[in-house]
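**Student:** sharing a model prediction with you, sequence too.
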Amino acid sequence: MANLLLTIGLLFSLFSVGPASDVTLKTGINYTFRPNITGNLQSILWKYQSNKLVEYENKEYSWYKDYKPRGKLDIQSGELTLMNLRKNDSGLYESEIQVNGNLKNSKYNVIVIDGVPDPKVSCQYGVLICSVGPGIQADYEWTGPEGKEGTGERLNISQEMSKTELIYFCTAKNQVSKSSTSFNLKDCQIKTDEGTSGGVIAAVVAVLIICLVVGGSIVAYKKCKKNGPHVRVPPAQED
């Protein structure tokens with residue numbers, strides 16, 4: 001009975017698989033899965049979403065689907081490298097490697113996401129706005145002359161500050177990358193001045209047009225009244 005329990009325990013230790021390691025990766029990079037195994041490797045099997053990805057046994061490779069052109073398997077360490085990662089490479093990867101007669105397992109839960117591009121900063125009515133484009137998740141952080149100024153897409157600035165040439169930086173970041181863009185507050189003032197000048201010019205032009213229309217209407221009315229038809233009244237007849 002004791003021998004049976006010992007055998008069952010050994011089999012469980014050989015075939016049990018621990019929790020998966022969570023890995024977040026950036027699209028376009030190369031990544032190597034490292035199972036950290038040493039010894040004489042008799043066979044190697046890597047699976048993706050429970051389907052065979054690559055297998056090495058009896059000194060022969062077997063690649064599945066479209067992984068061979070962008071995959072590399074190290075038969076000495078069991079390490080698997082995938083090149084030019086795509087978003088649809090996200091999923092569960094598992095290895096089953098036989099070493100010195102023992103089966104070693106490892107699991108990796110992989111998420112592949114886009115890195116953040118250079119953010120763009122704009123100024124609208126005393127507010128700096130930072131963005132990286134639609135469809136990209138990112139966290140934002142602002143730094144300025146006093147160090148960290150705030151977080152989030154928007155940063156309020158005073159009217160006095162908008163008239164200076166202070167430099168602010170917006171940093172956009174996610175789990176795989178980060179990128180920063182600088183912004184000079186003088187550009188905010190230029191845009192404000194341009195907007196104010198444009199509004200004044202538009203208002204003046206509108207007033208002139210209204211004056212011309214009204215003035216023209218008055219002149220036309222007076223001319224029409226002056227040149228309108230006259231009714232001749234016949235002279236009174238004498239008895």
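**Tutor:** Nice, thanks for sending it over. Numbers count the residues shown, from 1 in each chain.
**Student:** only C-alpha atoms for contact and neighbour calcs from this point on.
**Tutor:** Will do.
**Student:** pull up the gap between the most centrally placed residue in the chain and Ile113, please.
**Tutor:** Centroid-nearest residue in the chain, with C-alpha atoms, centre = their mean: Ile136, separated by 2.3 Å. As judged by C-alpha to C-alpha, to the nearest Å, Ile136 and Ile113 stand 9 Å apart.
**Student:** could you do Thr27 as well?
**Tutor:** 6 Å.
**Student:** anything in contact with each of these two?
**Tutor:** Shared contacts of Thr27 and Ile113, defined by C-alpha atoms under 8 Å, 6 or more residues apart in numbering, are found at Lys87.
**Student:** and those two? Which one has more around it.
**Tutor:** Ile113 (23 against 19; other C-alpha atoms under 10 Å).
**Student:** okay, and the beta partners of that one?
**Tutor:** Beta-bridge pairing of Ile113 under DSSP bridges involves Lys26.
**Student:** and it, what's its pLDDT?
**Tutor:** For Ile113, the pLDDT comes out at 94.
**Student:** could you list the low-confidence segments of the protein?
**Tutor:** Applying pLDDT under 70 to the chain picks out residues 1-18, 189-239.
**Student:** hmm, 50 instead?
**Tutor:** Applying pLDDT under 50 to the chain flags the ranges 1-17, 190-205, 207, 211, 224, 230-233, 239.
**Student:** what's the spacing between Val116 and Cys130?
**Tutor:** In this view, Val116 and Cys130 are 12 Å apart by C-alpha to C-alpha.
**Student:** and if you look at Ala172?
**Tutor:** 8 Å.
**Student:** neighbour count: the two, which is higher?
**Tutor:** Shown here are Ala172 and Cys130; by other C-alpha under 10 Å, Ala172 has more neighbours (28 against 23).
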